[in-house]
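>>> pasting the sequence and the predicted model now:
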Amino acid sequence: MTKRVTAFLAAIGTAFLLTAYAQRLRSPQQLAVYDADGKKVGVVTGAEHVYGAFLPAVPFKVDQVPLFLQVFRDGFVGQSVVAWESTDCSGTPFLTVGAPGDFRPPSALPLVGVGLPGNTVYVEDGPPRTINVRSYSTFPLQGPPPWPPHRCVLPGITPWTRVSVPARPLIDMNTEFRPPFTVR
């Protein structure tokens, strides 16, 4: 009899604890990214582990171009680096695909990158070719030292040789949204 009472009380205690924890943990109906003014940037459809953090992925459509951007606290990033053949991030922008000989699987979505000026989204606009990258726009990283969102950086004394596609600007996201961004 004592074993039955003990088992019964243990079962009730376990059920009580599970109920208490279940009330605290709830799956949200939908996560979304918001800017500093509380304006909804978009619905989170996924996340990728990049630079030691999970970055939310948000879909957009700009001038009939479908794209996904990942959202840092201070800006956006696409799947490519925005680069230039000049040493000051001027002239024709390019989206880097990789080193010569790298394989890039075909995608149903266009290649996009985000860079200067501001948080400008660039989309591929021509066939790939090999270029010498002499400057590029950084990602909006945080950490020592704090990097401002998108700055022009030189790759060093020797330029990088990369297969790249010419790009055209679609929109500066700073005209629509104001960092910092949060998920809720």
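Arrived safely, thanks for sending. Numbers count the residues shown, from 1 in each chain.
>>> can you pull the contacts of residue 92?
Going by C-beta atoms under 8 Å, 6 or more residues apart in numbering, residue 92 touches 84, 85, 166, 167. Every C-beta, even on glycine, is put in place using the N, C-alpha and C of the backbone.
>>> ok, the third one touching residue 123?
To tie it back to what came earlier, the one meant is residue 166. No. Residue 166 is beyond contact range of residue 123, at 10.2 Å (criterion: C-beta atoms under 8 Å).
>>> more neighbours, the two?
The residue with more neighbours, out of residue 166 and residue 123, is residue 123; 22 against 16, by other C-beta atoms under 10 Å.
>>> helix, strand or coil for the more buried one?
strand (DSSP: H, G, I helix; E, B strand; the rest coil).
>>> tell me the bridge partners for it.
Per DSSP bridges, the residues bridged to residue 123 are residue 112, residue 168.
>>> can you check residue 183 too?
According to DSSP bridges, beta-bridge pairing links residue 183 with residue 33.
>>> for residue 90, which non-adjacent residue is closest in space?
Spatially, and ignoring its direct neighbours in sequence, residue 90 is nearest to residue 84 (6.5 Å; C-beta to C-beta, 6 or more residues apart in numbering).
>>> thinking again about what came up before, cross the contacts of residue 92 against helices and list the overlap.
Assigned to helices by DSSP state H, none of these qualify.
>>> which residues does residue 85 contact?
91, 92, 94, 131, 132, 133, 134.
>>> report pLDDT for it.
Looking at residue 85, its pLDDT is 95.
>>> next one: it relative to residue 35, how far apart?
33 Å (C-beta to C-beta, to the nearest Å).
>>> sorry, back to before: Serialize the contacts of residue 92 to TSV and add fields for distance to residue 74.
Shown next, in TSV, are these (distance: C-beta to C-beta, whole Å):
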residue	distance to residue 74
84	22
85	27
166	27
167	22
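>>> which one of the residues you listed is nearest to residue 110?
residue 167 (9.8 Å; C-beta to C-beta).
>>> partners of the residue nearest to residue 90 in the sheet?
residue 135.
>>> around it, how many other residues sit close by?
22.
>>> is it true that residue 137 touches residue 119?
No. The criterion here is C-beta under 8 Å, and residue 137 misses it with residue 119 at 9.9 Å.
>>> quick one, what contacts the residue nearest to the spatial centre of the chain?
Computing the C-alpha centroid of the chain and ranking residues by C-alpha atoms, centre = their mean puts residue 70 first, at 1.8 Å. Contacts for residue 70 (C-beta under 8 Å, 6+ apart) come out as 48, 50, 55, 56, 57, 58, 76, 77, 78.
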